[in-house]
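> Can you look at this prediction? I've put the sequence above it.
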Amino acid sequence: MIFTFRLADEEAMKRFGEDLALALGKGDLVTLHGDLGSGKSTLARALIRTLADNNMLEVPSPTFTLVQNYDDQRLAVTHADLYRISNPEETDELGFDQALEDGVLVVEWPEKAGYLLDEAQFAVWLEQDGTDRTVTVKTAKNAAKRFERTLQIREFLKKNKREKAMRRHLSRDALPCNYETLTLGKTCEILMNAPEMTFADKAEHCYAETVHLAASLTRFIGIDRLLREQGFAAPQIYAADPDAGLLSMEDPGRTGITDDAGQPIEKRYLACAALLAKFHGKKWPRRKTWPDLTINIPAYDKNALHAEAALLLEWYMPHILQTLPDPAMRMAFHACWDPLFDCLQKAETSLVMRDFHSAGILWRIKYKGNQCIGLIGFQDAVAGPTAYDLVSLGQDACVTISPALEMAITAHYKAMREKNFDKAAFDEAYAITGALRASKILGIFVRFNKRDGKPDCLRHLPRITDYLLRNLKAPVLQPLKACYQQMGIIPHGI
């Protein structure tokens, strides 16, 4: 696909460098074509500084060194300038193959390498016309959507008086959306990039509908309003285009509920438990209408629960046993879960955020009480058992929570509940939802690896397995434990 547009000045060139950088992924080749003075080095510098999130980063021209490497950033970058080479074979020793394995390769004067660099994901031509520059970008098939999306984001910013915002990548691991920071002078906002879900096949679409995943940003916007109306610290939304899957919201900060080493900070986890106690004491509507928006909050029903539990069969079981379950195993599996899900349908219910764990919680240092806790992981909220969100916190999928800390979290929560709170019924629901959540996440993390190319998620499997075994100690789960042992999901004798 070919894109052509004009850039008015050097600042526009820098913003284009940001837009291009935020479309890049590991293995991408970017070739920069143009005469001397056309702006190739300016563009390369803006691109590299964006990936490094460092506007002051020294980015010298590699005209004499031929290659300059930048490894200490989100994506490793190799920046090459081939102006001085006279033979394409001279590129053999420059390590381009390794550069593409490790990250991104940006090449100025690529024509000097002959046909060797013809397969660029992004080939950029710069032509100077007075102070303006005409930019033509030819994208490979696997890169066109990424480039279209980054341009769509800039257009969204332009429509909402944020065209000159400096864009930077912001990682929020384990959440389904992409985030960026937007800097306008001394003001920082967060861009949420959540295009409407697309599906590889009918089965994937059916799963998303069955478990009530949010198909667009509309539910996020509505839940955000509900939370703010009830006094919780969800982010203020400044501009939104739900159809495009884009919104700009206040920056809740970068401080989480873990320390610099990724270990849980007990005080903050207990504060989160106290927030949940207050949260579950509220009456939440199943349907809410504002002048410009209506949302319906779906029920966490048995169909959704069975579909989530089945992720263990579809993904985790083949991963550890190298086989898919046969029909008899599937029947036994769901027969064990069915009465447990009947119990959950009778359990205490509330609005369930579903992602109430370290990846979806921020710690607002300047605030007190529940306002300390910034909520962002609620895009798939449903009406379901109150125990689910406490399990999400007490058995954090991305942080190891010791049994002692988990006990402290649950005890603090129960102490904060009203006097008529049924602790025994809650403990039973906690064990069931804990086993469900662990089973589902084991499947999800394997799916992240096999389907989405995210092998780093596999390092979490031992932690989630430990959580599963903790839950399976509950008396109500003994038939499920025996089923899991018979299927080989967990060993006998535990």
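Now that the structure is in, tell me what you want to look at.
> rest of the way, CA atoms for contacts and neighbours
Will do.
> Could you tell me which ranges of the stretch 1-150 of the chain sit under the pLDDT cut-off?
116 (pLDDT under 70).
> can I see the domain layout of the chain?
2-139, 255-487 (automatic domain parsing).
> got the ones you listed as JSON lines, with mean neighbour count and distance to Leu191 columns?
What follows is the domains of the chain, written out as JSON lines (neighbours: other Cα atoms under 10 Å; distance: least, Cα to Cα, whole Å):
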{"stretch": "domain 2-139", "mean neighbour count": "18", "distance to Leu191": "12"}
{"stretch": "domain 255-487", "mean neighbour count": "18", "distance to Leu191": "12"}
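> Output those domains as JSON lines; include the columns distance to Ala214.
Shown next, in JSON lines, are those (distance: least, Cα to Cα, whole Å):
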{"stretch": "domain 2-139", "distance to Ala214": "24"}
{"stretch": "domain 255-487", "distance to Ala214": "5"}
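> Distance of the residue lying closest to Lys141 once chain neighbours are set aside relative to Asn142?
The shortest distance from Lys141 to any non-neighbouring residue, by Cα to Cα, 6 or more residues apart in numbering, is to Met1 (7.2 Å). Plainly put, Met1 is 10 Å away from Asn142 if you go by Cα to Cα, to the nearest Å.
> likewise Leu275?
44 Å.
> got it, and Leu375?
Computed with Cα to Cα, the distance linking Leu375 and Asn142 is 34 Å.
> what's the answer for Asn420, then?
With Cα to Cα as the criterion, Asn420 and Asn142 are 57 Å apart.
> What of Lys267?
46 Å.
> follow-up on the earlier one: Met1 and Asn142: who's more crowded?
Each of Met1 and Asn142 has its neighbours counted (other Cα atoms under 10 Å); Met1 has more, 13 against 10.
> CA atoms only for stretch 30-44, dumped as PDB, please.
C-alpha atoms of stretch 30-44 as PDB (Å, rounded to 0.1, in the frame of the first residue of the first chain):
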ATOM      1  CA  VAL A  30      12.600   0.700   7.400                       C
ATOM      2  CA  THR A  31      14.400   2.100   4.300                       C
ATOM      3  CA  LEU A  32      14.800   5.900   3.900                       C
ATOM      4  CA  HIS A  33      15.200   7.200   0.400                       C
ATOM      5  CA  GLY A  34      16.000  10.800  -0.700                       C
ATOM      6  CA  ASP A  35      18.700  13.200  -1.800                       C
ATOM      7  CA  LEU A  36      21.100  14.900   0.600                       C
ATOM      8  CA  GLY A  37      19.300  17.300   2.800                       C
ATOM      9  CA  SER A  38      15.900  15.700   2.200                       C
ATOM     10  CA  GLY A  39      15.500  15.000   5.900                       C
ATOM     11  CA  LYS A  40      16.400  11.300   6.200                       C
ATOM     12  CA  SER A  41      18.600  11.900   9.300                       C
ATOM     13  CA  THR A  42      16.000  14.100  11.000                       C
ATOM     14  CA  LEU A  43      13.400  11.400  10.500                       C
ATOM     15  CA  ALA A  44      15.700   8.600  11.700                       C
END
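> Give me the residues contacting that stretch.
Here stretch 30-44 makes contact (Cα atoms under 8 Å, 6 or more residues apart in numbering) with 10, 13-14, 16-17, 61, 79, 104-111, 117, 120-128, 133.
> Mind doing that once more with 6 Å?
17, 106-109, 120, 122-128 (Cα atoms under 6 Å, 6 or more residues apart in numbering).
> Kindly report the same for stretch 121-136.
3-8, 28-34, 38, 137-140, 143.
> gap between the nearest residue to Ser358 once chain neighbours are set aside and Asp224?
Distances taken as Cα to Cα, 6+ apart put Ile257 closest to Ser358, at 6.2 Å, once the chain neighbours are dropped. Distance, Ile257 to Asp224, using Cα to Cα: 21 Å.
> for Leu351, helix, strand, or coil?
strand (DSSP: H, G, I helix; E, B strand; the rest coil).
> What residues are bridge-paired with it?
Ala383 (DSSP bridges).
> correct me, but it touches Ala383?
Yes. Shown here, Leu351 and Ala383 form a contact pair, counting by Cα atoms under 6 Å, at 4.7 Å.
> Specify the residue positioned farthest from the middle of the chain.
Taking Cα atoms, centre = their mean, the residue of the chain most remote from its mean C-alpha position is Ser86, at 45.1 Å.
> helix/strand/coil for the residue nearest to it when sequence neighbours are not counted?
Counting by Cα to Cα, 6+ apart, Lys112 is the residue found nearest to Ser86 once chain neighbours are left out, at 7.1 Å. The three-state assignment at Lys112 reads helix, by three-state DSSP.
> I'd like the distance from the helix or strand where Ala44 lies to the chain centre, please.
Taking DSSP states H and E as the criterion, Ala44 maps to helix 40-52. Mean-position distance between helix 40-52 and its chain equals 25 Å (Cα atoms, centre = their mean, to the nearest Å).
> what does stretch 375-393 give?
Relative to its chain's centre, stretch 375-393 lies at 16 Å (Cα atoms, centre = their mean).
> Same question for stretch 223-240.
On Cα atoms, centre = their mean, the centre of stretch 223-240 falls 20 Å from the chain's centre.
> repeat for stretch 337-355
25 Å.
> Quick one: mean pLDDT over it.
Throughout stretch 337-355, pLDDT has a mean value of 95.
> Straight-line length of it, end to end?
Across its full length, stretch 337-355 reaches 22 Å between end residues, using Cα to Cα.
> Can you classify Gln379 as helix, strand or coil?
Quick answer, by three-state DSSP: Gln379 is coil.
> Could you do Ala239 as well?
Applying three-state DSSP: Ala239 is strand.
> Next, count neighbours for it.
Neighbour tally, Ala239, other Cα under 10 Å: 17.
> And the average pLDDT for the longest helix belonging to the chain is what?
In the chain, taking DSSP state H as the definition, the longest helix is helix 423-450. Taken as a whole, helix 423-450 carries a mean pLDDT of 96.
> which strands and helices sit next to that helix?
helix 302-309, helix 387-394, helix 461-471 (3 or more Cα pairs under 6 Å, 6 or more residues apart in numbering; DSSP states H and E).
> Also compute the angle for that helix relative to helix 461-471, please.
160 degrees (axes from the mean of the first three to the mean of the last three Cα atoms, to 10 degrees).
> if you skip the residues just before and after it, what's nearest to Ile409?
Leu270 (5.5 Å).
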